[in-house]
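1. need a structure here:
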Amino acid sequence: MISILNNLLTKFKDLSYSVLPICLIVVLMFFTIAPVETQLLLRFLIGAVLIIFGLGIFLWGADLAIEPIGHLLGEYIGKKASIVLIFIMGFFLGFIITIAEPDLLIFADQASMAMGQVISGFFIVTVVSLGVGLLVGFGFVRILTGLPLHWFFAVTYGLIFLFFGFIPEEFQALGFDASGATTGAMTTPFLLALCLGLSSLKGSTDGEKDSFGLVGIASAGPVIAIMILSLFTKNSSEAAGEVFHIQEGILYPFFGQAKVSLKESFMALLPILLVYLYFQWKVFQLERKKRRRISLGLLYTFIGLIIFLTGVNGGFMDLARMMGRQLGAHPNRIWLPLVGCVLGMVVVLAEPAVYVLSNQVEDVTGGSINKKMIRTCLSIGVAIAVGLSMLRIQIPGLRLWMYLVPGFIIAIIISFQVPEIFVGIAFDSGGVASGPMTATFILALAQGAAEVIPTANVLTDGFGVIAAVAMMPVFSIMILGLIYKMELERRKK
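-> Residues are numbered from 1 along each chain as shown. Now for the predicted structure:
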């Protein structure tokens, strides 16, 4: 019990160190280049405290319940002989875990508002979850058939970019942003555990290289799903309306959001609970102590998700959007990309999924790939990505595809030259870097800037920042893989 409580306190401590730099940057901006209403700053600080406690409890619950459930399900599925059955189970599990992803719930609401609610947030969540389920099913089949990851990603992204020019620009941004938003605090631990459970049945060598990649594979699903959705949706750029509304009072918005968060959290976690109960009854039949641990973990996940969503929607995003407006309207245009770079460098270290992935990388590779090395690469990559995204909002001729297409093409070319484990780590990193902090603060900041810059459009320019954040770590980790390979070859000589 003491070790469990120490684990919770450690999570609070780590999240505090991660969120504190963001708060300090915001306070500094408040007194210098981007002053906002005092009540917005107070609500932001209250929201930051709620995010720390909410995410801490959420991740504590995920450790106790979500990861063990994922690992058990991965081992069970891996023992099945039928490829069709494995695909169906992968599709189902990918769908239900994505429905529960807090980042996606936040992103879908933002996207729906920006589109003038032409498409509801719930419908966006459903479509994206179907896309993730489809790719997780293919990812399961890939692990068990041994298809090389670099070929899988080359074919998948080749098809995506082949059809990229046939869909409206706002859906290009929404698709890749949805891709980044799906792989957050809930989805990443679950998919990593599933992948580890499946790959553990293949032996040490194959198991190590196949322990990563499923998160990256799942990230392609939302892009495909949104591209298909765009074929059946009226061009919505003209429908985009005002997305920013200041709510009165300091504490009142939190009470209103708590009711909404309670409902969203219950609906998000219900499918996972039902799947666990079914498999516990039919397959797992765990002993009482393990059942109690998982049950408590699910309860803590539920409570943490409520607190997290309340903090985000009640106080975090409003200030980010207003500061984005202030920076977008600032006479010195350098401030927006400069602040974007600094925030990108700090925000990625506040993403809980980054810690989950980097720790697992170090464990699986026996320490040969250091977690500090992974986090440094991600921090540099995301800083560049956010800075470039803010430049894209300011410069009319700079389009999202100019970043994504060359970036992914170069990364896929490099993937044929690096050890295969780096391919999985790189594409997984792209997913985990774009988590709760990016889906809330950075995206809201970009939307605020796009609202006041005359040449920008909220849908085509305000969105896309998550896409850039998801792409740059893929590129930077591939470069790390090349350096790692050259170092190994040098030592052999």
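2. ok, Phe463 touching Leu443?
-> Yes - using CB atoms under 8 Å, Phe463 makes contact with Leu443 at a distance of 7.4 Å. Where C-beta positions appear, they are placed from N, C-alpha and C, glycine not excepted.
3. Which residues are in contact with each of the two?
-> Taking CB atoms under 8 Å, 6 or more residues apart in numbering as the contact rule, Phe463 and Leu443 both touch Asp177.
4. Give me the neighbour count for Leu274.
-> Neighbourhood size, Leu274 [other CB atoms under 10 Å]: 11.
5. got the contact list for it?
-> With CB under 8 Å, 6+ apart, Leu274 has no contacts at all.
6. go on, Gln110?
-> Applying CB under 8 Å, 6+ apart, the residues contacting Gln110 are Val243, Met317, Leu443, Ala444, Gln447.
7. Check the secondary structure at the third one for me.
-> Of the three states, Leu443 takes helix according to DSSP: H, G, I helix; E, B strand; the rest coil.
8. How much space separates it from Phe140?
-> 30 Å (CB to CB, to the nearest Å).
9. list the contacts for the closest residue in space to Met478 that isn't next to it in sequence?
-> Spatial nearest neighbour of Met478, excluding adjacent residues (CB to CB, 6 or more residues apart in numbering): Ile414 at 4.2 Å. By CB under 8 Å, 6+ apart, Ile414 lies in contact with Met478, Ile479, Gly481, Leu482.
10. Inside helices: which ones of the residues you listed?
-> Mapping the contacts of Ile414 onto helices (DSSP state H) picks out Met478, Ile479, Gly481, Leu482.
11. Can you show me the strands along this protein?
-> Assigned by DSSP state E, the chain shows no strands.
12. which helix of it spans the most residues?
-> helix 2-31.
13. Which strands and helices lie in contact with it?
-> helix 38-61, helix 317-329, helix 335-347, helix 352-364 (3 or more CB pairs under 8 Å, 6 or more residues apart in numbering; DSSP states H and E).
14. for the stretch 101-250 of the chain, what are the low-confidence residue spans?
-> Applying pLDDT under 70 to the stretch 101-250 of the chain flags the ranges 117, 184-185, 199-211, 234-250.
15. actually the stretch 301-450 of the chain, not the one I typed
-> 350-353, 355-357, 360-361, 364-366, 368, 435-437, 439.
16. Going by neighbour count, which residues in the longest helix of the chain are buried?
-> 8, 11-12, 14-16, 18-19, 21-23, 25-26, 29-30 (16 or more other CB atoms under 10 Å).
17. Compute the inter-axis angle for that helix and helix 335-347.
-> 170 degrees (axes from the mean of the first three to the mean of the last three CA atoms, to 10 degrees).
18. top of the contacts of Gln110 by neighbour count?
-> Using other CB under 10 Å as the neighbour test, the contacts of Gln110 are led by Leu443, with 31 neighbours.
19. Tell me how far that one lies from Val469.
-> 9 Å.
20. same deal with Phe232?
-> Distance from Phe232 to Val469, by CB to CB: 28 Å.
21. Which of those two has more residues huddled nearby?
-> More neighbours surround Val469 than the other of Phe232 and Val469, with 32 against 6 (other CB under 10 Å).
22. List the residues that contact that one.
-> Contact analysis of Val469 by CB under 8 Å, 6+ apart lists Gly180, Gly344, Val348, Val382, Ala385, Val386, Ser389, Ala433, Ser434, Thr438, Ile442.
23. try 6 Å
-> Val382, Ala385, Ala433, Ser434, Thr438 (CB atoms under 6 Å, 6 or more residues apart in numbering).
24. ok, now how distant is it from Phe463?
-> Applying CB to CB to Val469 and Phe463 gives a distance of 12 Å.
25. Now render the helices and strands packed on helix 2-31 as JSON lines, adding distance to Arg291.
-> Compiled in JSON lines, those are given as follows (distance: least, CB to CB, whole Å):
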{"stretch": "helix 38-61", "distance to Arg291": "15"}
{"stretch": "helix 317-329", "distance to Arg291": "38"}
{"stretch": "helix 335-347", "distance to Arg291": "37"}
{"stretch": "helix 352-364", "distance to Arg291": "24"}
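26. which one of those lies closest to Ala111?
-> Closest approach to Ala111 among the helices and strands packed on helix 2-31 (CB to CB): helix 317-329, 13.1 Å.
27. Pull out the buried residues from stretch 310-320.
-> Buried residues in stretch 310-320 (16+ other CB under 10 Å): Thr310, Gly311, Val312, Asn313, Gly314, Gly315, Phe316, Met317, Asp318, Leu319, Ala320.
28. Tell me, what's the model's pLDDT at Trp281?
-> Looking at Trp281, its pLDDT reads 87.
29. Tyr252 too?
-> For Tyr252, the pLDDT comes out at 53.
30. For Met402, give its distance to Gly431.
-> 22 Å.
31. ok so, going back, from the contacts of Gln110, pick the one nearest Leu262.
-> Met317 (18.8 Å).
32. tell me the contacts of that closest one?
-> Neighbour list for Met317: Thr440, Ala444 [criterion: CB under 6 Å, 6+ apart].
33. how near is it to Val465?
-> Met317 is 14 Å from Val465, by CB to CB.
34. Equivalent analysis for Leu40, please.
-> Counting by CB to CB, the gap from Leu40 to Val465 is 21 Å.
35. Between these two, which has more neighbouring residues?
-> Using other CB under 10 Å as the criterion, Leu40 and Val465 rank with Val465 on top: 34 against 20.
36. Which pLDDT does the model give the more buried one?
-> 84.
37. hang on, it packs against Gln447?
-> No - counting by CB atoms under 6 Å, Val465 does not reach Gln447; the two are 8.8 Å apart.
38. returning to what we had before: just the buried residues of the contacts of Ile414.
-> Met478, Ile479, Gly481.
39. could you dump those to CSV with pLDDT?
-> Below are the buried ones among the contacts of Ile414 laid out as CSV (pLDDT from 0 to 100):
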residue, pLDDT
Met478, 85
Ile479, 83
Gly481, 81
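40. and which of those residues is nearest Leu72?
-> Gly481 (31.2 Å).
41. Now Leu130. Nearest residue, chain neighbours left out?
-> Closest residue to Leu130 apart from its sequence neighbours, by CB to CB, 6+ apart: Ala225 at 5.9 Å.
42. and that neighbour, how many neighbours?
-> Counted with other CB under 10 Å, Ala225 comes out at 25.
43. can you tell me how far it sits from Pro473?
-> 22 Å.
44. got it, and Gly158?
-> Taken as CB to CB, the span from Gly158 to Pro473 is 20 Å.
45. So which of these two has more stuff around it?
-> Each of Gly158 and Pro473 has its neighbours counted (other CB under 10 Å); Pro473 has more, 31 against 12.
46. of the helices and strands packed on helix 2-31, which approaches Leu147 most closely?
-> Among the helices and strands packed on helix 2-31, helix 352-364 sits nearest to Leu147 (CB to CB), with 19.9 Å.
47. from what I can see the residue nearest to Leu130 touches Gly133, true?
-> No - if you go by CB under 6 Å, Ala225 and Gly133 don't touch, sitting 9.4 Å apart.
48. Give me the spatial nearest neighbour of Phe58, chain neighbours excluded.
-> Gly304 (3.0 Å).
49. quick one: contacts for the one you found?
-> Taking CB under 6 Å, 6+ apart, one finds Gly54, Ile57, Phe58, Gly61 in contact with Gly304.
50. From Ile143, how far off is it?
-> According to CB to CB, Gly304 stands 30 Å off from Ile143.
51. same check, this time on Leu192
-> Distance from Leu192 to Ile143, by CB to CB: 13 Å.
52. repeat for Asn332
-> Distance from Asn332 to Ile143, counting by CB to CB: 51 Å.
53. same thing with Pro102?
-> Taken as CB to CB, the span from Pro102 to Ile143 is 27 Å.
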